[in-house]
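Undergrad: Below are the sequence and a predicted model for it; my questions follow.
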Amino acid sequence: MPTETVYGLAVHALDADAVRRMFAVKGRPADHPVIVHMAPSDALGRWARDVPEVAERLAAALWPGPLTLVLRRDPRIPDVVTGGLDTVGIRVPDHPVTIALLERFASIVAAPSANRFGSVSPTTAQHVRADLGDDVDLVLDGGPCTVGLESTIVDVRDPEQPRILRPGRISAETISMLTGCPVAHGAADAVRAPGMLRSHYAPRTPVELVEADEVLARLAADAAVAVLTDDATLAATIAARWPTTARVVAAPGEPFARALYDALRRLDAAGTDAILCTWPQPSALVDAITDRLRRAAAR
Ligand code: TXA
Ligand code: MG
C-alpha cells in the first residue's frame, strides 16, 4: 500500500498467519516489531493503553502524517506484530488510497516497508514490484511517495519526555513545541528495531559519505563512481568536466529526501565500484537524511 513516506507491505494485524507470511516475504527476523496503521477516524486509544496527554496532542496535530507513536499495547494485538514487546507502534498514514483501504478493512493493518529486509525502501509501486515480484498478491499504485523517508518514530510512554527512536520528516523541534517537553533521542533500553540497525537501507554497490572535494578527486583519478548530491556547485562542475558520470542531483531538504531511495536504486543499477554521496546541506531534514545515508554507507 502507498503511504506518504514509503510503500508498506500490508496485512491484517489480527491475522497471525497473514503477519507470518508478511515476515516470510520480507525475509525479516520474526522478533522485529511492525507498525500498526489506523484510519483517521480511529481513536488513539483503540489499540493502545495508558495513552498520555502528550501522545493525544501529537496525534491531534500531526495525523494523518509521517509520525509513529510507540505506546503500551492493547492485549488484542498479537505477539507476532510486536515481536513480543509490550508496546506497539501506531500511525495514521496520509495517503487517500490507503486511508480508503483502512476505512474499509478493520482499520488495523500491520505494515513494514515493502522491501526485502535490509535493502532500500520503496517509494514507487515499480520499486515494490522489482523487489517483491509475485510474492505479493497486489500492489496498490498510489504514485511516488511525497515524503520519501520512513516516519519519525516517537516513544511517548513517558508523559514528560518524548523519545525519538527514528528521525524523519517530523522534527524534534516540532515535537518539543507541540508537547512543551524536552525531547530525548535514541532508545532508553535496547529496543529490537530493524530501522535502527547500523547497516540498513543499503544498495549492493558500496555507498560512501564524502565531501565534495573527495568526489572531484576521485573523478579526476578516473575512478568508476556514481554520485548523489544536493550540492548545485558540485553538480555543475561534474556536468561540465565529467558529463557521462552516473549521478542524481536534487535540491537540499524535501526534494533530496523524496529522491533519495529512488536515486540509490538507480545508481546501484549503474554498475560502478562505489556510490559517492555528499553530506547533505543544512535543512530541516538534514538529520533524517544523514541517518539514512549513514545506514546505507554502513557495512
Ligand atoms: O513510514 C513508515 O513508518 C513506514 C510506512 C510503511 O508506514 N513503515 C516502516 O516500517 O518504516 P518498518 O517495519 O520498515 O520500520 C518500522 C520501525 C522499525 O525500526 C521497528 O523496529 C520500529 O518501527 N517499531 C515498530 N514497533 C515498535 C515498537 N513497539 N517499539 C519500538 N520500535 C518499534
Ligand atoms: Mg523498513
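TA: Good, I have the coordinates. Ligands and ions are numbered 1, 2, ... in the order given.
Undergrad: Give the helix, strand or coil label for residue 138.
TA: coil (DSSP: H, G, I helix; E, B strand; the rest coil).
Undergrad: Tell me the spacing between it and residue 217.
TA: Remark: distance between residue 138 and residue 217 (CB to CB, to the nearest Å) = 48 Å. For the C-beta atoms, the positions are set from N, CA and C on the backbone; glycine is no exception.
Undergrad: okay, the two: which has more neighbours?
TA: Legend: neighbour count by other CB atoms under 10 Å for residue 138 and residue 217, higher for residue 217 (12 against 7).
Undergrad: Figure out the helix or strand that that one lives in.
TA: helix 212-220 (DSSP states H and E).
Undergrad: That helix: what's the following helix or strand?
TA: Taking DSSP H and E, what comes next after helix 212-220 is strand 225-229.
Undergrad: what is the rounded mean pLDDT of the helix or strand just after that next one?
TA: For strand 225-229, the following helix or strand on the C-terminal side (DSSP H and E) is helix 232-241. The average pLDDT within helix 232-241 is 98.
Undergrad: how far off helix 212-220 does helix 232-241 point, in degrees?
TA: 10 degrees (axes from the mean of the first three to the mean of the last three CA atoms, to 10 degrees).
Undergrad: Counting by contacts, list what helix 232-241 packs against.
TA: helix 212-220, strand 225-229, strand 247-249 (3 or more CB pairs under 8 Å, 6 or more residues apart in numbering; DSSP states H and E).
Undergrad: so of those, which one's packed in deepest?
TA: Highest mean neighbour count among the helices and strands packed on helix 232-241 (mean count of other CB atoms under 10 Å): strand 225-229, with a mean of 26.
Undergrad: SS state for residue 209?
TA: Here residue 209 is strand, with the state taken from three-state DSSP.
Undergrad: Now do the same contact list for the closest residue to it other than its chain neighbours.
TA: Nearest non-adjacent residue to residue 209, counting by CB to CB, 6 or more residues apart in numbering: residue 297, 4.9 Å away. Residue 297 is in contact with 202, 206, 207, 208, 209, 277, counting by CB atoms under 8 Å, 6 or more residues apart in numbering.
Undergrad: measure residue 297 to ligand 1 for me?
TA: To ligand 1, residue 297 is 18 Å away according to CB to the nearest ligand atom, to the nearest Å.
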